[in-house]
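S.K.: With the sequence up front, the predicted model follows.
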Amino acid sequence: MPAQKRYKTDYPGVYYIMGTAVANGKPEKIYYIDYRRDGKRFQEKAGRQVENGMTPARAAIVRADRISGKQPSNAEKRAAEQAAKEAEEAKWTIDRIFKEYMKSRPENSAKKIDQGRYDKHLKAAFGTKEPHEIAPLDADRLRIKLSKKLAPQSVKHILSLLTWAINYGVEKRLCPGLDFKIKKPTVSNEKTEDLTPEQLKSLFKAIEADTCIQAGAIMKMALFTGMRRGELFKLKWDDIDFQRGFILIRDPKGKKDQRIPINDAARNLLKNHPKIVKSQYVFPGRKGGQRTDIKHQANRIKKAAGLPKDFRALHGLRHTYASMLASSGQVDMYTLQKLMTHKSPVMTQRYAHLRDEALKKAADVAADIVTNLASAADRKANEKG
């Protein structure tokens, strides 16, 4: 292909060729400059007549600036742009760290909820920043902004998600951590849920009438053992030791594996619960894999039982289990903490008032016995007198 004809201008080192304007398709001049710098020769485009408004005079100024080093050459510009692009791609921004963090998590409803929280509340504020670029004021401003429209617990979840993602990046040596602790709202987590004997009777009746065997069995296990929702979903047949009478709970809320005893109610349920062929899970989900949700079925049973709308179908049964033990007066707080796999006794203290009530009743019984004995002794003394 023959080279295009070059046309000289009145300015040294400036020439043009004839091209076609992109905007209107008409002929236009495309200006080039020819110069030397640091012993190297450069022949570069300076600009187009229509698109850039380039003229021979302006091209001459561009040429002079590049000879003096005030402007980089086109090759240097491209190299700088490529370097900047590579540097940007090498950055471990919050957005990039979060994507890696989410890859490490199992596919379940909690993961979907956290993705939504990030997209809605964190991405715009911190997505393009690296952790070291986040200042305490940035986190405080987000916390204040969120607190104006969300409940404290929701704000805490969102800010905790940011912390978890950054901690994951630090653990995997992708980035340095924050040099401050993100302040989160104080949340009162003292809510305990309980069911009356009548409500429990209605619940069992609704479970027996429902068509979903898995949902009913999971709800019963939550009540019989106090196991958490996620622990029940992860429970495998290999985790159950019928001979020694223990259930292995894997990663209870991210802590070390723990064992809890199998009581007779849980043993009978598990012994009679059907095993799904080719599934290692006790309460499997689709295609025998780990279950991720049971909200729809559990809420259906809850509604049929006439339980309060704010009663949490699985977590509420865990609270009911703990409340029954505490109110019995036969289980101390240390034992209850171990059964509930609470990391700290502080979590177990929410049930202390129930045990106190049981102890008070026991003390009243003792007082009645003593009073009755004293009255009897007085009657005998009076009779002798």
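M.R.: Great, that's in hand.

S.K.: Look up the closest residue to K278, ignoring the ones flanking it.
M.R.: In space, and not counting its chain neighbours, K278 is closest to G288: 5.5 Å by Cβ to Cβ, 6 or more residues apart in numbering. C-beta: built from backbone N, CA, C; applies to glycine.

S.K.: residues touching that neighbour, list them.
M.R.: I276, V277, K278, S279, Q280, Y281 (Cβ atoms under 8 Å, 6 or more residues apart in numbering).

S.K.: shaky segments in this structure?
M.R.: Filtered on pLDDT under 70, the chain yields the residue ranges 1-3, 86-90, 187-192, 253-255, 353-385.

S.K.: Do you have the strands of it handy? List them.
M.R.: Counting by DSSP state E, the chain has strands at residues 7-8, 14-20, 27-37, 40-48, 240-241, 246-249, 258-261.

S.K.: Count the residues that sit near A322.
M.R.: Neighbour count for A322, taken as other Cβ atoms under 10 Å: 25.

S.K.: make that G13, sorry
M.R.: 18.

S.K.: Need the nearest residue in space to it, chain neighbours excluded.
M.R.: Distances taken as Cβ to Cβ, 6+ apart put D34 closest to G13, at 4.6 Å, once the chain neighbours are dropped.

S.K.: wait, doesn't the one you found sit right on K45?
M.R.: No: if you go by Cβ atoms under 8 Å, D34 and K45 don't touch, sitting 11.2 Å apart.

S.K.: Just among the contacts of G288, which is most surrounded?
M.R.: Tallying neighbours with other Cβ under 10 Å puts Y281 at the head of the contacts of G288, with 19 neighbours.

S.K.: Distance-wise, check that residue relative to A217.
M.R.: Separation of Y281 from A217 (Cβ to Cβ, to the nearest Å): 12 Å.

S.K.: just E81 next, same as before
M.R.: Look at E81 and A217: by Cβ to Cβ, they are 61 Å apart.

S.K.: ditto for M340
M.R.: Counting by Cβ to Cβ, the gap from M340 to A217 is 21 Å.

S.K.: Compare the two (neighbour count), which wins?
M.R.: Comparing M340 with A217 by other Cβ under 10 Å, the one with more neighbours is M340, at 22 against 19.

S.K.: right, and that one touches G226 too?
M.R.: Yes: at 5.5 Å, M340 and G226 qualify as touching, with contact defined as Cβ under 8 Å.

S.K.: who touches both of these two?
M.R.: Common contact partners of M340 and G226 (Cβ under 8 Å, 6+ apart): R318, A322.

S.K.: could I get the strands of the chain as CSV with mean neighbour count?
M.R.: Formatted as CSV, the strands of the chain follow (neighbours: other Cβ atoms under 10 Å):
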stretch, mean neighbour count
strand 7-8, 11
strand 14-20, 17
strand 27-37, 17
strand 40-48, 15
strand 240-241, 15
strand 246-249, 18
strand 258-261, 16
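
S.K.: Could you say which one of those strands comes nearest to V62?
M.R.: Shortest distance between V62 and the strands of the chain, using Cβ to Cβ, is found for strand 40-48: 4.9 Å.

S.K.: measure R63 to K8 for me?
M.R.: From R63 over to K8 the distance is 14 Å, taken as Cβ to Cβ.

S.K.: Repeat that for T196.
M.R.: Distance of T196 to K8, computed by Cβ to Cβ: 100 Å.

S.K.: do the same with G329
M.R.: Applying Cβ to Cβ to G329 and K8 gives a distance of 106 Å.

S.K.: re the thing from before, which residues does the residue nearest to G13 bridge with?
M.R.: Per DSSP bridges, residues listed as beta-bridge partners of D34: Q43.
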